[in-house]
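# Pasting the sequence and the predicted coordinates here, then a few questions.
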Amino acid sequence: MTRTRLLIGALAAVALATPALARDAISPAAATLFPGSLNIPIADGSQVPSDCEYPDTLRTAEGFDLACIVTTSGGDEDEVDVEYIAWLGANGWRHSANIVGGFAATRATADGCEQVLSIFPHNDEESSGIWFALQREPRCAAPTP
């Protein structure tokens with residue numbers, strides 16, 4: 001099973017889990033991803049590298065804030081992935097679509113729109129991790145005439 005499918009399955013399973021159980025899966029961390037907006041805790045077994053080495057398609061995309069993590073040496077990448085997915089599920093995020101190289105998750109906003117977060121797991125010889133791309137503007141349905 002690919003990492004993307006594992007992450008999608010985990011997000012679906014977490015959507016059914018109790019929020020308290022999912023919150024306990026993340027240990028307290030000093031730093032967060034998307035500070036001031038999402039504040040996703042940095043999970044044990046991962047860290048934010050000084051260079052995320054985003055692919056050009058992410059680095060040049062407009063309208064997105066980017067963040068990434070890598071699994072620390074000796075860390076279990078599947079456990080780390082599940083910690084992030086557990087946090088997302090406990091905070092209202094749900095799988096919304098498969099996209100090239102990953103999947104999108106959405107969360108309802110107070111005004112009836114939704115935030116969109118694209119999640120791209122990646123592996124190479126030196127590291128594995130996740131690239132996150134948060135759309136700056138919520139996605140809203142077009143008004144019906």
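Yes, it's here.

# which regions of the protein sit below the pLDDT cut-off?
Applying pLDDT under 70 to the chain flags the ranges 1-30, 74-75, 143-145.

# need the contact list for the residue minimising distance to the centre of it.
For the chain, Ile119 is the residue whose C-alpha lies nearest the centre (CA atoms, centre = their mean; 4.9 Å). For Ile119, the contact set (CB atoms under 8 Å, 6 or more residues apart in numbering) comprises Leu7, Gly102, Phe103, Ala104, Ala105, Ile130, Trp131, Phe132. Yep, even glycine has a C-beta here, placed from its N, CA and C like the rest.

# Asp72 contacts Gly45, correct?
I think there's a mix-up here, since residue 72 is Thr and not Asp. Yes: when contacts are counted by CB atoms under 8 Å, Thr72 is listed as touching Gly45 (5.8 Å).

# Settle it for me: which of these two has more neighbours?
The residue with the greater number of neighbours, taking Thr72 and Gly45 and applying other CB atoms under 10 Å, is Gly45; the counts read 18 against 14.

# now that one: how far from Ser128?
From Gly45 across to Ser128, the span is 11 Å (CB to CB, to the nearest Å).

# do Ile99 as well
19 Å.

# Now do the contacts for Leu117.
So Leu117 contacts Leu38, Leu88, Trp93, Ala104, Ala105, Thr106, Arg107, Phe132, Ala133, Leu134, Gln135 (CB under 8 Å, 6+ apart).
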